[in-house]
Structure formats: structure tokens, C-alpha cells
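Novice: below: sequence and its predicted model.
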Amino acid sequence: MYRFWMDGIYAQNLVEVRNDFQALEEPGFWAVVGTFEGEFTFARFDSVSHQPFSDEAFNGHEISRHEIGEWKSSLDRSAYLAYVEKIREHIADGWVYQVNACRTLTAPLKGSLSSLMQELLVSNPAPHAMYLNLPTMEIASASPELFLKVSINESGERIALTSPIKGTSATPEFLEKDLAENVMIVDLMRNDLASISIPGTTKVPRLLGTESHPGLYHLVSDVSSTLEPGRTWQEILSALMPPGSVSGAPKSSAKSVIAENESARGPYCGALGWIHNGQAHLAVGIRTFWQHHDGLIHFGTGAGITWGSSAANEWEETELKALRLMAIAEGRYARTR
């Protein structure tokens, strides 16, 4: 059964799936998947309700169990360390200041990801968790990061908010490198938002906040603005994609480095969520499992690389981010922890 769930919003009865931005200018509730590479899928559902993700939320439809085989990484440890050193060389040459270096884990899969989504919500609750099942893909995400929230205030203005994460640690203590990295990405997101916002409205209401998430801590900042009247969703998303926190700075240079060294990320590091009635809730596609109904499950993990990065430490950060999620997916995680 094709369906969508995020933040208590449950949508079913799939009407159509489109790839053109004109879809978003038409009425209806649209589930959104934007890949890191900039390809978008919009799915319109005509039945929307508010309820938790549970067996009941699926109106009695059976939640099938999943089985996962052995994981293989797109980059092994030695290849990833070499990738980090290559980025540091680009930084030394002045080509980039920061690049988010990622790798994708892939394994054989039997079953759907709906049972995994239930496990994620119990064992790894996340503020921007999302589930989507379409004919071409299925996604189970435990994203902790807000990419874009658009709300409408009392004056009818559209208020945009993005909350980039930069800085990850097993403890609430962060390195100077983490602080500098976060500020760098905040500047990038301020620039991106300002390009589509009323001049003078782009602000940073929170800088370098610490958030506790299952198994780790994040440095998080907030950037907000008032969107210019008449801005289309294509203009808004084109200005902001891919998310700055998972690409790098300058964004154009970072994207070139990523394209030269990684395979396509797909929905990982993209945008996941919904758009409806001029409003939106989109998460950054991290801590995310996905499949294309081809018997393979994918999961991405990465780290932000700066001049001060240690290649070995960055590899360990990718391991830390994947550790808990891998255990949950494989049924090895004890809920009593």
C-alpha cells in the first residue's frame, strides 16, 4: 500500500506521482523527495489525517517484517581516508573550505521498510522522522535535521526556517573544528535564504545550540527569513538545494568534489517531507534507509571535512552515525538500553 507519514501526518490513497515543479503549484497534499543531485519526486495523496505511526495508522494493513543481509560500503576505510586527504588538498589550494564526505552502505533486503520504521520510532526517535512508500521507492528516515519549514504568519507572510546540523560527538563536548564548521554552514544558509527573501529579514535566532539525540550530540543553529511574495516552490528549492550542511562551502566547489569522488547519493542528503497549502516541512535526508523495490537496502553516512580534520577521526564519525541505526535495522538493538 502506497502511503506517507511524518510528524503525525498520515496520507494515503495515492493519486499521482510527478517530477515537474508545476505539480506543487496545484492544490493537494504532496509528499516530496528531492535527491542530493537535484531530481525531485512529488506524490499527491487525497486522504490526509493526523495520527501516530502504528499498526492502527495503516488501517489494519499488515506490517511485514524485513530481513537484511551483509552490508557493503561504497568506500572502504582506506578509500575514505584517501578521499579525506584529497579534500584537504583542495582546501590547501583554496578551492573549497569544507566538504561533506559520504559513503553509502548497501545490503540485500527481504520485505518492506515499514517494520523498520516502527523500530526507528521506538529505538531512535527523531524530530523529523518520515516514511514513504511509492511504486519506485520506499524510505524510512530518522532524520534529526530540519532542512526547510515554511509557515504562514498572521500577516499572510511565509516564514522560512532551516536548522543546519554541523558538529557530531558522542559527548556534549565539541572541538573548535566543529564550532568553525557550524558557523561556516550558517553563513552559507544565510546567503541561500537571503536570495529568495525580503531584504533585511534573514536572521540567526540560534547559533551553536547543543541538541541531544539517541546515541550522540549535535551542534545546531537556526536561520530564518521572510520569503519574498510570489516565490514559487521551484525558486525556493532551487535556491536551497542541496542542503548546505551536507554539501560544503562554497557549495558549487563542494558539489564538484563530491561528484568526482562519490557515487550518486539519491535521497540521502536530499530533502524529504511534504508541501501543502503554501506550507512545507522538509527534513535533510540523513539517518535514512531507502530501497527501490529491487531487493537492496541503502543507508548513507558521512562527515564534514575541513583543514583541521583527521582522516581517521572522520571515518570514526561515519561509524558512530551508522552504529545505532545499523543495529536497529538488523534487529540487534536492545530497546532497554
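Specialist: Perfect, I can see it now.

Novice: quick check: end-to-end length of stretch 279-293?
Specialist: Stretch 279-293 stretches 30 Å from its first residue to its last (C-alpha to C-alpha, to the nearest Å).

Novice: now do the strands in the stretch 151-300 of the chain.
Specialist: With strands called from DSSP state E, counting those that start in this stretch, the stretch 151-300 of the chain shows them at 158-163, 165-169, 203-213, 216-226, 248-249, 271-276, 279-284, 288-291, 296-305.

Novice: which residues touch the fifth one?
Specialist: Taking C-beta atoms under 8 Å, 6 or more residues apart in numbering as the criterion, the residues outside strand 248-249 that touch it are 96-100, 184-185, 187-188, 254-255, 257-258, 304-305. Where you see a C-beta, it was placed from the backbone N, CA and C, and this is true even at glycine.

Novice: what's the answer for stretch 314-334, then?
Specialist: Against stretch 314-334 from outside (C-beta under 8 Å, 6+ apart): 68, 71, 77, 80-81, 84, 101-103, 105, 116, 119-120, 123-124, 142, 168, 170, 214-216, 286-287, 289, 297, 299, 301-303, 305.

Novice: strands paired with the lowest-mean-pLDDT helix or strand in the chain, and their directions?
Specialist: Using mean pLDDT, DSSP states H and E, strand 165-169 stands out as the lowest-scoring helix or strand of the chain, at a mean of 88. Strand pairing for strand 165-169, using DSSP bridges, gives strand 216-226 (antiparallel).

Novice: show me the beta-bridge partners of Ile9.
Specialist: Met6, His50.

Novice: going forward, the N-terminal residue is numbered 56.
Specialist: Got it, first residue is 56 now, which makes that one Ile64.

Novice: that one and Leu327, how far apart?
Specialist: 13 Å (C-beta to C-beta, to the nearest Å).

Novice: looking at these two, which is more packed in?
Specialist: Between Ile64 and Leu327, Leu327 has the larger neighbour count (other C-beta atoms under 10 Å), namely 28 against 19.

Novice: my guess is that one contacts Phe95, does it?
Specialist: No - with contact defined as C-beta atoms under 8 Å, Leu327 does not reach Phe95; the gap is 11.1 Å.

Novice: who touches both of the two?
Specialist: Contacts common to Leu327 and Phe95, judged by C-beta under 8 Å, 6+ apart, are 87-89.

Novice: give the residue farthest from the middle of this protein.
Specialist: Within the chain, the residue lying farthest from the chain centre (C-alpha atoms, centre = their mean) is Ser210, at 30.4 Å.

Novice: residue contacts, Ala134?
Specialist: No contacts exist for Ala134 under C-beta under 8 Å, 6+ apart.

Novice: pull out the buried positions in stretch 340-353.
Specialist: Of all the residues in stretch 340-353, those buried under the rule 16 or more other C-beta atoms under 10 Å are 340-346, 352-353.

Novice: which strand runs longest in the protein?
Specialist: In the chain, taking DSSP state E as the definition, the longest strand is strand 153-165.

Novice: continuing past it, what's the next helix or strand?
Specialist: For strand 153-165, the following helix or strand on the C-terminal side (DSSP states H and E) is helix 169-178.

Novice: restrict that following helix to CA atoms and write it as PDB.
Specialist: Extracted as PDB, the C-alpha positions of helix 169-178 are listed here (Å, rounded to 0.1, in the frame of the first residue of the first chain):
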ATOM      1  CA  SER A 169       7.500  -0.300   7.300                       C
ATOM      2  CA  SER A 170       8.600  -2.600  10.200                       C
ATOM      3  CA  LEU A 171      12.000  -0.900  10.300                       C
ATOM      4  CA  MET A 172      10.200   2.500  10.500                       C
ATOM      5  CA  GLN A 173       8.300   1.300  13.600                       C
ATOM      6  CA  GLU A 174      11.600   0.200  15.200                       C
ATOM      7  CA  LEU A 175      13.200   3.500  14.400                       C
ATOM      8  CA  LEU A 176      10.400   5.500  16.100                       C
ATOM      9  CA  VAL A 177      10.800   3.400  19.200                       C
ATOM     10  CA  SER A 178      14.500   2.900  19.400                       C
END
